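Engineer: pasting the structure only:
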């Protein structure tokens, strides 16, 4: 990838599905998914504002995801369908590394973390058509989770800040290890009723129980669909949704297993859709989502930089939120008559805001300047996507995809003159008010070429994909470098940190 002179990662995934019709009314499908990636660094580097301090950096990071699940679909009668699923999974994560000075004594940071998450589940869903105008949906989801973790990080200093440390703030150490286990139970019931000819109403209720957080929640939902005389469909919805604190979340594990209560969000939606002659469909939706008292979350205020160990960076903060609000309007267009050309497009205008209770600086002693209310870090006011599909023959497919969104909120840095331990003056960077600026807009054009081969043993598809075909520099953060002006004064110059350049990948699928 040639990204910031870092070595390239290695990643892969394998997926398979086998289906049997074990009886006329029973079909069994077994699926297997395994994915993994690794990233290793063992090289000499530099650090500091001018990258003049020699260091040795090592990293050995790997991730693994393995899942298998079997689904039995049983048609008990023309009006009753039952789907039963058993599943098991293992998610592994190993992260170890350090950066040390080579010419002078001392270290910058060290990290040693491992986390294994085992999952076992049983799930069942019932679909019962009691009458042509009444449909019942019932089900439950039972899961057992076990997390085995070891977390340790040590930050010795901020290499970009030569200030003294009279308060003994450094080193900053975080250490925790142990095992956590718990059971999750979810159950739901929904009733869809055609009240009168143009009006359909669905009322639902969900129950969630988590033993590791001691949560026990009920979440109601209500939605309606109205067939308009013009042939359009009008949909209205309201619901409450719960998100339980994950058993493997580092926000809890770093604090010794202190899990937060489940987050509650309330959402209202309204939408209208219409299909015109010529198979062109249009849909417009508006939404409003409100979350009260979300749990604290770790962030890096340098707008999501691609760091090997973000938890050791000087920009790590712990954000305590009062509430979040998201609202917007989205439009979708789809034109596909099954011929050679197909077109899909969307545009969204959104406002995502958050109110803050407090912010804790983790790896630096400085206070963080923040407003009581601001846009969320991933707020994108405007977003658009366009897909063009061309099928010159039954064997070839060409897909062009364009993505755009306005720049995310960003935090700029300012220069502060400080005195080093040797008595000399120097410069250090300090963040301005959190999220008070904006990054440039994001734009990307991708192309995917697929060739299909029909064989006696099934269909084989081979594809070539080029991501960011125009090789556009999409900025995700800013870096700062200390430079000297013509009059001898020093200043911090801002440089762009960018997402991936042109990236190629190949792949294949076999359906037998």
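Structural biologist: In hand now; what should we look at? Nothing here was measured: the structure is a model prediction, and the numbers come from that model.
Engineer: pLDDT averaged over stretch 93-105, what's the number?
Structural biologist: Along stretch 93-105, the predicted confidence averages to a pLDDT of 91.
Engineer: outside of that stretch, which residues touch it?
Structural biologist: 41, 44-45, 47, 53-64, 106-116, 308-309 (C-beta atoms under 8 Å, 6 or more residues apart in numbering). Every C-beta, even on glycine, is put in place using the N, C-alpha and C of the backbone.
Engineer: kindly report the same for stretch 484-498.
Structural biologist: Outside stretch 484-498, the residues within contact range by C-beta under 8 Å, 6+ apart are 4, 49, 302, 305-306, 412-413, 415, 426-427, 429, 473-483.
Engineer: buried residues in it, which are they?
Structural biologist: Within stretch 484-498, the residues scored as buried using 16 or more other C-beta atoms under 10 Å are 492, 497.
Engineer: kindly report the same for stretch 161-168.
Structural biologist: Of all the residues in stretch 161-168, those buried under the rule 16+ other C-beta under 10 Å are 161, 162, 163.
Engineer: could you work out the end-to-end span of it for me?
Structural biologist: Using C-alpha to C-alpha, to the nearest Å, the end-to-end distance of stretch 161-168 comes to 15 Å.
Engineer: then stretch 294-302?
Structural biologist: Taking C-alpha to C-alpha, stretch 294-302 runs 22 Å from one end to the other.
Engineer: repeat for stretch 254-264
Structural biologist: From the first residue to the last, stretch 254-264 extends over 23 Å; the measure is C-alpha to C-alpha.
Engineer: in strands only, show me the contacts of stretch 93-105.
Structural biologist: If you go by DSSP state E, the contacts of stretch 93-105 have 41, 44-45, 47, 53-64, 107-116 in strands.
Engineer: strands along the stretch 101-250 of the chain, start to end?
Structural biologist: For the stretch 101-250 of the chain, the strands identified by DSSP state E, counting those that start in this stretch occupy 107-131, 134-155, 172-196, 199-210, 215-227, 233-243, in order along the chain.
Engineer: nearest to residue 89, out of those?
Structural biologist: For residue 89, the closest of those is strand 107-131, at 4.2 Å, according to C-beta to C-beta.
Engineer: adding distance to residue 389 and mean neighbour count, write the strands of the stretch 101-250 of the chain out as a markdown table.
Structural biologist: As requested, those are arranged in a markdown table below (distance: least, C-beta to C-beta, whole Å; neighbours: other C-beta atoms under 10 Å):
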| stretch | distance to residue 389 | mean neighbour count |
| --- | --- | --- |
| strand 107-131 | 32 | 16 |
| strand 134-155 | 33 | 17 |
| strand 172-196 | 33 | 15 |
| strand 199-210 | 32 | 17 |
| strand 215-227 | 29 | 15 |
| strand 233-243 | 25 | 16 |
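Engineer: and residue 197, how many neighbours?
Structural biologist: 8 (other C-beta atoms under 10 Å).
Engineer: from residue 430, how far out is it?
Structural biologist: In this structure, residue 197 and residue 430 are 66 Å apart, going by C-beta to C-beta, to the nearest Å.
Engineer: how distant is stretch 149-157 from the center of its chain?
Structural biologist: Using C-alpha atoms, centre = their mean, to the nearest Å, the mean C-alpha position of stretch 149-157 is found 24 Å from that of the whole chain.
Engineer: what's the answer for stretch 92-111, then?
Structural biologist: In terms of C-alpha atoms, centre = their mean, the centre of stretch 92-111 is found 27 Å from the chain centre.
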